[in-house]
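Colleague: Structure here, sequence nowhere to be found:
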């Protein structure tokens, strides 16, 4: 299990989808986005590796062509494309906490965001997104069953924020995310992973907008082929569990939030997922997932690659 792992911590796909007109009335959370790119993780998401230093590189591409309203109906035709490269460094210490290994991680995404609204405005930005860092504790209950618990802090480092721009590289607010992940791994049989996450979003000081709390999970199911390969499916489930708020006297969105019952969003995705772990310890995974059941958010599909190795 030396390299077959993904920490239970968020990665940024920080595209600020700030649509105008009718579209702006159906966004869940500010800009219709979250700090966590839903469904990014793959097999082994609950496994923390042995003490040491590790590196990961995520490469992702998100494509969306529709914005859905509170009833799930099409509210706008869009062309949203977000490409991101995310290097992450992980340090697992010898220190034991509650019987588990203590680790830390840090990452800084590089984003390229293009947004075109049909018969409307368009924008394009490229640069550094919001940084993520935090501690994690990993537990190995058996050679097949593993869990991890952690807290991640998302910092608003995503370039210069302008509330009047169509897209921004970062969210311009802090997020605290609590995480609990579980993995059942059998190289010659059934594999299952789930990571549960709860996000608390702080207020955007430039817009006086506070996105609601979010509850979501990444999951995978697969079968180990006995030769390093795992084949199956994966995706995410997402539900916003509290209303957005924008109560300041100079907040233009306050009336829209009230009119749309808090702008609560939800979505679900599923698609094929595959991973290969070499005898030398490095691993490479790939997945594609298609969204459905979307409310108050953009609807699209995502492609992800992930490479993991010891440093």
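Modeller: Structure's in. What do you need? The model shown is predicted, which means the values in this text are computed figures rather than measured ones.
Colleague: When you work out contacts or count neighbours from here on, use the C-alpha atoms and nothing else.
Modeller: Will do.
Colleague: Point out where this structure drops to low pLDDT.
Modeller: 1-29, 247-262 (pLDDT under 70).
Colleague: Mind doing that once more with 90?
Modeller: 1-40, 69-71, 75-76, 117-121, 158-160, 163-167, 206-209, 243-265, 281, 296-297 (pLDDT under 90).
Colleague: pull the longest strand from it.
Modeller: Ordering each strand of the chain by length in residues (DSSP state E) puts strand 74-97 first.
Colleague: quick check, distance from that one to the centre of its chain.
Modeller: 6 Å (C-alpha atoms, centre = their mean, to the nearest Å).
Colleague: what sits up against the very next helix or strand once past it?
Modeller: Using DSSP states H and E, the helix or strand that follows strand 74-97 towards the C-terminus is strand 100-107. With contact meaning C-alpha atoms under 8 Å, 6 or more residues apart in numbering, strand 100-107 is reached by 11, 48, 51, 86-96, 131-140.
Colleague: Next, count neighbours for residue 293.
Modeller: 15 (other C-alpha atoms under 10 Å).
Colleague: What sits closest to it if chain neighbours are left out?
Modeller: Nearest residue to residue 293, sequence neighbours excluded (C-alpha to C-alpha, 6 or more residues apart in numbering): residue 267, at 5.3 Å.
Colleague: Where does the one you found sit, in terms of helix or strand?
Modeller: Going by DSSP H and E, residue 267 is in strand 266-277.
Colleague: Give the other helices and strands that that strand contacts.
Modeller: Secondary-structure packing of strand 266-277 (3 or more C-alpha pairs under 8 Å, 6 or more residues apart in numbering; DSSP states H and E): strand 229-240, strand 283-295.
Colleague: and the angle for the shortest one with strand 266-277?
Modeller: Just to be clear, that refers to strand 229-240. 160 degrees (axes from the mean of the first three to the mean of the last three C-alpha atoms, to 10 degrees).
Colleague: name the helices or strands packed onto strand 229-240?
Modeller: strand 214-224, strand 266-277, strand 283-295.
Colleague: Just the residues contacting that strand, thanks.
Modeller: Taking C-alpha under 8 Å, 6+ apart as the rule, strand 229-240 contacts 28, 38-40, 42, 187, 191, 212-225, 264-277, 287, 289.
Colleague: can we see that at 7 Å?
Modeller: Residues outside strand 229-240 that contact it (C-alpha atoms under 7 Å, 6 or more residues apart in numbering): 38-39, 212-224, 264-277, 289.
Colleague: Check the last one too.
Modeller: Taking contacts as C-alpha under 7 Å, 6+ apart, the residues outside strand 283-295 that touch it are 3-4, 68-72, 235, 265-277, 299-309.
Colleague: Now that we have those, which of them are buried?
Modeller: 3-4, 68-70, 72, 235, 265-277, 299-309 (16 or more other C-alpha atoms under 10 Å).
Colleague: thinking again about what came up before, what residues are up against the residue nearest to residue 293?
Modeller: Applying C-alpha under 7 Å, 6+ apart, the residues near residue 267 are 237-239, 291-295.
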